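Chemist: Pasting the sequence and the predicted coordinates here, then a few questions.
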Amino acid sequence: MIRKGRFALWGSKEFELVSYQRQYYLQSEDPLDLENGFVGKNGDKQVFIKSVSVRELEDAYEIVPYAMIAGYRFAVEGYNEKTGKVALVTNNPFVKEKIEVSAYGKFEYIIKISLDEIRLEEDRVPILGFEGLYT
């Protein structure tokens, strides 16, 4: 699984963090979380949410996955589970001289590569006033 997006620690457990109209929600796919006040998201029986305030969270951060290829940093744009390929994007114009990439938007380059051919890393950026206590 490629982690990408906003996450929070609550009860020493990591959850996806979603927001809607200035309200924050922890999101889970674990039915055991129903015992901790989670409810089915829009009646869903596989995705559960719990409304929380920022003060209840132990930490909050955004995960930004990336990969290094030939010394160049590429951001993870997406992952195709069927093909097992990861789409990686960079705006470094020098990359096209060393790696076979395709144009992607204006001043960007993309490469699609098998997940098992690269090593994904993560930047963990504190959000919501947290100072990255667990980084």
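Modeler: Done, it's in. Numbers count the residues shown, from 1 in each chain.

Chemist: Any regions of the chain where pLDDT drops low?
Modeler: 132-135 (pLDDT under 70).

Chemist: residue ranges of the strands in it, please?
Modeler: 5-10, 13-20, 23-28, 39-40, 48-52, 59-69, 72-80, 85-90, 102-103, 109-114, 120-126 (DSSP state E).

Chemist: Which one of those strands lies nearest to residue 96?
Modeler: strand 109-114 (5.9 Å; C-beta to C-beta). C-beta coordinates here come from the backbone N, C-alpha and C atoms, glycine included.

Chemist: Paired strands for the closest one, with orientation please.
Modeler: Sheet pairing for strand 109-114, assigned by DSSP bridges, gives strand 85-90 (antiparallel), strand 102-103 (antiparallel).

Chemist: To residue 28, which of those strands lies closest?
Modeler: Here strand 85-90 is closest among the strands paired with strand 109-114 (C-beta to C-beta), at 25.0 Å.

Chemist: that older thread, among the strands paired with strand 109-114, which is the most enclosed?
Modeler: The highest mean neighbour count among these, using mean count of other C-beta atoms under 10 Å, belongs to strand 85-90: a mean of 20.
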